[in-house]
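Peer 1: just coords:
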């Protein structure tokens, strides 16, 4: 039975009214668009161009196996960075005010073997609405039965080691995505507790066509043109995706599964006794918010609080929004969670995994 949740604490809804007013005023007073600027277009061009360049260099067959393996690692990194910096903003409608531009850039998801149609439902709708709510936010289902991120989830003895084996499992995220996840979600009747009707026939056609094209360009064509053995080709492909998966997995975990973030349980199975925007503050954390390097490579997702409150604003503007959101949260005596660096967030995630890997006292 599907359970649609409602956020019922209207008394705390004034926070979002205020912070949205202040953010709107920032853009109006400075005469700037909330969408991509020149710096954002330059960054998108860098990642897309770097991805195409690395792929072309590998296919040129002018390098030895070890050099091509290094390029495959670079290709995995650039694939993750395209997801963060180009696809993610575009699918949220944040890259441009023109829908066709967002749709075109959102198609960059196909370059990394993923499907934008199903991502828009599972991420934009489900994850952004029901963040960190067990049973509703499927992003919490990292490896069911292996990784425990919810105290109410049944405990299994091997989970006492999850703070060690979780990280290698994160590396499998990309391989699961291109071979399993999209197909599975296309045929599910629900995503989380959100009803999922059958996609239009056109989307099925796009799914199978683009997946086949991805397999051809990354498995069949390299096998034809490269002087590599079958096992060398498979190793390069797998290593590329292990790198990509680890980067993708870690960025999500460091934003939502760290000490201080909540995993609220609905009352009466249908109610979250909190305002939606306040819920986002309670379930999301920033990491390395002052790092220009993290902002550049993570597509602003090191500032997840700002992203969750303003997903239709291009991430290039998040540094300015951070000051506004943080001050407004302080004004309303609300939490604003952040880890000062990537490594402090990583350590926090590790400690939380270790804690959740222990059997509860009950």
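Peer 2: Okay, I see it. Given the structure is predicted, the values throughout are model-derived calculations rather than measurements.
Peer 1: Only C-alpha atoms from now on, for both contacts and neighbour counts.
Peer 2: Fine.
Peer 1: for the protein, where's the lowest mean pLDDT among helices and strands?
Peer 2: strand 194-195 (a mean of 72; mean pLDDT, DSSP states H and E).
Peer 1: There's contact between residue 89 and residue 316 in this structure, I believe.
Peer 2: No - judged on CA atoms under 8 Å, residue 89 makes no contact with residue 316 at a distance of 9.9 Å.
Peer 1: Pass me the low-pLDDT residue ranges in this structure, would you?
Peer 2: 1-3, 360-362 (pLDDT under 70).
Peer 1: now the strands for it?
Peer 2: Secondary structure of the chain (DSSP state E): strands at 6-7, 190-191, 194-195, 271-272, 285-287, 337-339.
Peer 1: Show me what the last one packs onto, helices and strands only.
Peer 2: When contacts are defined as 3 or more CA pairs under 8 Å, 6 or more residues apart in numbering; DSSP states H and E, strand 337-339 sits against strand 285-287.
Peer 1: Next: the fourth one.
Peer 2: Strand 271-272 is packed against strand 6-7, with contacts defined by 3+ CA pairs under 8 Å, 6+ apart.
Peer 1: The second one too?
Peer 2: For strand 190-191, the contact count by 3+ CA pairs under 8 Å, 6+ apart identifies no helix or strand as a packing neighbour.
Peer 1: Tell me where the longest helix sits in this structure.
Peer 2: helix 230-256 (DSSP state H).
Peer 1: Next, name the residue at the spatial heart of the protein.
Peer 2: residue 252 (5.3 Å; CA atoms, centre = their mean).
Peer 1: Please report the distance of residue 256 from residue 149.
Peer 2: 10 Å (CA to CA, to the nearest Å).
Peer 1: wait, what's in contact with residue 27?
Peer 2: The contact partners of residue 27, by CA atoms under 8 Å, 6 or more residues apart in numbering, come to 33, 34.
Peer 1: Going forward, count from 51.
Peer 2: I'll keep to 51 as the first residue from here, and by that count the last item is residue 77.
Peer 1: picking up where we left off before, and residue 139 and residue 366? which has more neighbours close in?
Peer 2: Between residue 139 and residue 366, residue 139 has the larger neighbour count (other CA atoms under 10 Å), namely 27 against 24.
Peer 1: excluding its backbone neighbours, what's nearest that one?
Peer 2: Spatially, and ignoring its direct neighbours in sequence, residue 139 is nearest to residue 145 (5.4 Å; CA to CA, 6 or more residues apart in numbering).
Peer 1: Can you name the residues that contact the one you found?
Peer 2: 85, 86, 136, 139, 151, 152, 363, 364.
Peer 1: which residues touch the first one?
Peer 2: In other words, residue 85. Each residue near residue 85 by CA under 8 Å, 6+ apart is listed here: 144, 145, 146, 147, 363, 364.
Peer 1: Might you report the residue contacts of the fourth one?
Peer 2: By that I understand residue 147. Counted by CA under 8 Å, 6+ apart, residue 147 has contacts residue 85.
Peer 1: distance of it from residue 365?
Peer 2: Residue 147 is 14 Å from residue 365, by CA to CA.
Peer 1: Repeat that for the second one.
Peer 2: Look at residue 145 and residue 365: by CA to CA, they are 9 Å apart.
Peer 1: Mutual contacts of those two, please.
Peer 2: residue 139.
Peer 1: What's the local residue count around the nearest residue to residue 264 once chain neighbours are set aside?
Peer 2: Spatially, and ignoring its direct neighbours in sequence, residue 264 is nearest to residue 163 (5.9 Å; CA to CA, 6+ apart). As a burial measure, residue 163 scores 23 neighbours (other CA under 10 Å).
Peer 1: Nice, that's everything, thank you.
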